[in-house]
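Participant: Sequence first, then the predicted structure:
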Amino acid sequence: MRKEKNGVLSRELVIPEETQKKIEAAYDIVRAKSSEARGESAGGHRHIWKPSAAVVLAAAMILVCGLGVAAAVGHFTKQVEESDGTASYTFEINYELKPVEVTAVPEYLPEDMTLADGDKYGSGKDDGRDISIWAMNMADVDYYMQRMDFTGVEKVEKTTIQGMEAHLITYRDAEKYRKPKDIYMFNPEDGYVLWVWGDYAVSMEELEKVAGSLTITVTENPDLAYMTEEEKEEEAQLEKEAQEAWEAAVNRGVAPEDITAVGETLEGADFIGASYTIEEAAIYDSLYDVPGYTPDGVCDREKAAPWLNEDGTHKPYLRSTLDENGQIVEEKETGVKFLAVTATVRQEKAYDAEWDNGTPFDAVLVRLEKNEDGRLVQAPDRYAAVPSEDYELQMGGSCFYLNQAADTMDGARYFWRHMEAGDSQTYTMVFAVDEDLAENREELQNLVLWFNGTGNDPENPRYSALW
Amino acid sequence: MERDKTEKLILRARHGDAEAFVELMERYKQSMYKTAKAWLIREEDVADAISETILDCFEHLDTLKEPRYFGTWLVRILINNCSSIRKQNRKCGPAAEPGLLDGAGSFGMAGAVSEDNRAFLEYLEPLNEEDRKLMILFYVWGFRTREIAELLHLRETTVKARLQRGREKIKKSFFPLVV
């Protein structure tokens, strides 16, 4: 993970003596526990409270006070509307009942899956087998989920899991578009909804087994409360302002004259201390025609090999065209060419003391367009590979080839190198570019490089021209 | 390399090596201190939050299945402890919640606050509480915006925008004449 630099925040603070004493006291407890408890099983105990009495109370209140939450035995009711390919859920919350905390831990997981982070489980590989479990208390349902809409639905199968109503949602063209699967389990009596999400390679059968194995714990939390309407409005306003500020910052764009021209040098981020100069760029039909081509330069040969013909040309791939809402409007086979960019990186100064990640050589290929102020902003994505193609050579606009010797850095940072102050390297990166873009002069002119050594600040991007 | 060392310490700590656990905590002590300071202000609360977090981590270390996510796991525990202390303080009324710079002299730092500590607090002073938290998680812990969004149950775009807003506020506060 790349560290961001912020001088003041990165300075070491003096921890006051009394605080340090408390920390040391905690360490002493750890040492004592460790020596006395070695060999004992690590036990924890959960405080489990099943507030079934709440159901009785709620029912009594409805009958006595006529609360108008018709047939609301428990914390919520829901309405489900299904039509061709869509499913919509609307929740009506019974605010008379206090929300309770809920956790859900699976006792069963498919083979070789372990806890990844928090409520996510996976094999640690990019194999489409991740599973997430979100145990939503009523405050969560109230804030995040009063309405849920699903599109592209193949089927909503209704069943029972652990005595609760469960909806199993599958999606159309799931294999082609690598769609996930969802299971929702509803417990209005105790006041929670469980969402079990499985990525595309998890079968619904396995996901059901996971859902059926959940150990669900409900606990009182006197501090858990519904947000008031004022709080919700304030939160919504904050989010709106934040979104607008973000969009304004990102859409500000750059002036055309601020793009570094070919042959000119761009100073990278100060904490990395490198500079970049694009020497030249050219389009090739065959990867093997790129000057200085070496098979060792291909970052991931397993990913690249299926897409190369014997002569080094690129096989076509199935590409979706997206509308402004990200919906697919067309799919067609698309040819690909290679954009080779020769650049020079120079390490202008030694790394800052806390920077041990080396110098990034690579860049992101970006397509720009003019906004209404005549400034240049990143054009929206128009295309995406159909997921089942497993085509990743253009993922994120990254290059897939760099003609340098093997990485000298620790870890999987193929495009990073260790440089000493004064070092410089001239190298070639190769990007895969759709044929229709490569053959369109006007479109080609809109392509620039965004060197990762600039820090990639989306609010202040610094681009380098290719032509 | 650093990650390997951390993972080795976690493994040793899990096998009952208390000193490995202490070393692990020492590696994160500065980050924990800065985070707790941004959340809690009062030094005694900061001390309590960190010490409770240390004990919670030790007690539940076996629930961490993927050592490489230790950082997010640790900060999640710390944030929860900080929030609990804040809630308790709120019950005591506004006097229990001093301003950011007021808390510096309240506990074990009578008289001079170190220059770096003061600079740290002054730097964060222009920010509201939420923006302060994001700055810490981003710049001190090095989390990505997506990880921060998951930690704080926010949308990623909100995190990005608030970080940008935070930076702008700090810039304006320190350089009011810069347009």
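Facilitator: Received, thanks. None of these values were measured; they are calculated from a predicted model.
Participant: shouldn't residue A:342 be in contact with residue A:427?
Facilitator: Yes. Contact status for residue A:342 versus residue A:427: in contact at 7.2 Å, counting by CB atoms under 8 Å. No exception for glycine: its C-beta is placed from N, CA and C like everyone else's.
Participant: what residues are up against the residue nearest the centre of chain B?
Facilitator: Geometric centre of chain B, nearest residue: residue B:35, 1.4 Å, by CA atoms, centre = their mean. Applying CB atoms under 8 Å, 6 or more residues apart in numbering or on different chains, we find residue B:35 in contact with B:75, B:78-79, B:82, B:136-137, B:140-141.
Participant: One more pass at 6 Å, please.
Facilitator: The neighbours of residue B:35, taking CB atoms under 6 Å, 6 or more residues apart in numbering or on different chains as the test, are B:78, B:136.
Participant: for the one 3 residues further on, same thing?
Facilitator: Under the criterion of CB under 6 Å, 6+ apart, the neighbours of residue B:38 are B:132, B:136.
Participant: Next, count neighbours for residue 17.
Facilitator: Using chain A. Residue A:17 has 10 neighbouring residues, counting by other CB atoms under 10 Å in any protein chain shown.
Participant: my question was about chain B
Facilitator: 16.
Participant: so what's it scoring on pLDDT?
Facilitator: The model reports residue B:17 with a pLDDT of 87.
Participant: Same check on residue B:97?
Facilitator: Predicted confidence (pLDDT) for residue B:97: 49.
Participant: nearest spatial neighbour of residue A:114, skipping sequence neighbours?
Facilitator: Nearest residue to residue A:114, sequence neighbours excluded (CB to CB, 6 or more residues apart in numbering or on different chains): residue B:65, at 4.5 Å.
Participant: Domain-wise, how is chain B divided?
Facilitator: B:2-112, B:126-179 (automatic domain parsing).
Participant: Tell me which helix or strand the residue nearest to the centre of chain B sits in.
Facilitator: helix B:18-40 (DSSP states H and E).
Participant: for chain B, what spans make up the helices?
Facilitator: Using DSSP state H, the helices of chain B run over residues B:2-14, B:18-40, B:43-60, B:70-91, B:115-124, B:129-135, B:145-152, B:156-174.
Participant: where does the chain have low pLDDT?
Facilitator: With no chain named, the answer covers chain A. For chain A, residues meeting the criterion pLDDT under 70 lie at A:1-7, A:36-73, A:115-118, A:353-356, A:404-413.
Participant: meant chain B actually
Facilitator: For chain B, the stretches with pLDDT under 70 are B:1-3, B:90-113, B:172-179.
Participant: Can you tell me which residues in it are near chain A?
Facilitator: Residues of chain B found near chain A (CB under 6 Å from any CB of the partner chain) are B:1, B:16, B:18, B:21-22, B:30, B:33, B:43, B:47, B:50-51, B:54-55, B:58, B:62, B:65-66, B:69, B:72, B:87, B:107-109, B:114, B:116-117, B:119-120, B:123, B:139-140, B:142, B:157-158, B:160-162, B:164-165.
Participant: and stretch B:15-25, how far out from the chain's middle?
Facilitator: Stretch B:15-25 sits 21 Å away from the centroid of its parent chain (CA atoms, centre = their mean, to the nearest Å).
Participant: Any buried residues in it, and which?
Facilitator: B:17-18, B:20-22, B:24-25 (16 or more other CB atoms under 10 Å in any protein chain shown).
Participant: can you check stretch B:74-87 too?
Facilitator: Judged by neighbour count using 16+ other CB under 10 Å, the buried positions of stretch B:74-87 are B:74-79, B:81-82, B:85-86.
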